[in-house]
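[1] prediction below, plus the sequence it came from.
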Amino acid sequence: MNQPRLFSLHRSIVIATNTFTQLVRMKVFYFLAAFAILLIGANFFELPFTAGPDIEAEQKLTTIKSWAFGGMALFSTIFAIVGTALLIPKDVEDRTLYTILAKPVPRLDYLVGKLGGILLLIFVSLVVMDILTVILLEVRMSGIVNEAADVLSKRGADEATIEIFRESMAPQGPTWVMQAGVLAIFFKAAVIASVAMLISTFSTSTLFT
C-alpha cells in the first residue's frame, strides 16, 4: 500500500477552500457590517477644533483613518482567534476530523489547510474593509479639503498657499503607506491565528482555546 506524501500542497488547498466555505456559512462576515457602521460613525464623529482650517481638515481625516485601522485590527484579531478556536474542536465534535484523517490525509496537510482557510478569510475581510476605507477617504477628503480651501480663501490666502495646502493634504488620503499598514495588520492576525491553531491542537475545549 502506497503511503501518502508527508505534505501535499493540493490537499492543503482543498482543505483551506473547504475551511473558508465553512467559516462563511458560519456568517462570520456579519462583522463586516459592524465595520461599515463603525466607518459611518467615524464619518459623523467630530471633536471640537480650535485650530485653523488646515489643521482641522487634517485631524478629521486622521480620525477617520484611526477608526478604520482600529476596526481592521479588532475584527481581524476576532477572526483569527474565534475562527481558529472553533475549527478543530468543531471537527472533533462532528467527527469530521476522523473522516478526513482516515482518507488518509496527513495531519500536516490538515493543519496547514485549516490555517490557510483562516488566513484566506482574514485576507478577504481586510480587502473588503480596506476598499470601504479607501472609498470613504476619497469621498470625505474631497469635501473636507474643498471646505478648508474655501475658508482659507475667504481669509485672504492666495492661490499658491491654497495649492500648497492641497498638496500637503494628499498623504492624509489613501496612500501606499496606508496599504502597507493594512498588510501589517494581516501579518499580525496571521501570527495570532497560528498561535491559536497551535493551542487548539492540544486543548480540550473551544472555550480553553
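    The structure has been received and is ready for your questions.
[2] count the residues that sit near the residue nearest to Asn18 when sequence neighbours are not counted.
    Using CB to CB, 6 or more residues apart in numbering and skipping the chain neighbours, the partner closest in space to Asn18 is Gly117 (7.2 Å). (Glycine included, C-beta is placed from N, CA and C.) As a burial measure, Gly117 scores 25 neighbours (other CB atoms under 10 Å).
[3] residues of the host helix or strand of Ile199 that come out buried?
    With elements taken from DSSP states H and E, the one containing Ile199 is helix 176-200. For helix 176-200, the buried set under the neighbour-count rule, 16 or more other CB atoms under 10 Å, comprises Met178, Gly181, Val182, Ile185, Phe186, Ala189, Ala190, Ile192, Ala193, Ala196, Met197, Ser200.
[4] now do the contacts for the first one.
    With contacts taken as CB atoms under 8 Å, 6 or more residues apart in numbering, Met178 has the following neighbours: Lys65.
[5] how near is it to Ile131?
    12 Å (CB to CB, to the nearest Å).
[6] in stretch 15-25, which residues are buried?
    Ile15, Ala16, Thr19, Phe20, Gln22, Leu23.
[7] follow-up on the earlier one: can I get the buried residues of helix 176-200 in JSON lines with distance to Ala80 and pLDDT?
    Formatted as JSON lines, the buried residues of helix 176-200 follow (distance: CB to CB, whole Å; pLDDT from 0 to 100):
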{"residue": "Met178", "distance to Ala80": "21", "pLDDT": "86"}
{"residue": "Gly181", "distance to Ala80": "17", "pLDDT": "91"}
{"residue": "Val182", "distance to Ala80": "15", "pLDDT": "92"}
{"residue": "Ile185", "distance to Ala80": "10", "pLDDT": "94"}
{"residue": "Phe186", "distance to Ala80": "10", "pLDDT": "95"}
{"residue": "Ala189", "distance to Ala80": "4", "pLDDT": "93"}
{"residue": "Ala190", "distance to Ala80": "7", "pLDDT": "93"}
{"residue": "Ile192", "distance to Ala80": "4", "pLDDT": "92"}
{"residue": "Ala193", "distance to Ala80": "4", "pLDDT": "91"}
{"residue": "Ala196", "distance to Ala80": "6", "pLDDT": "87"}
{"residue": "Met197", "distance to Ala80": "9", "pLDDT": "85"}
{"residue": "Ser200", "distance to Ala80": "12", "pLDDT": "80"}
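[8] great, nothing more from me.
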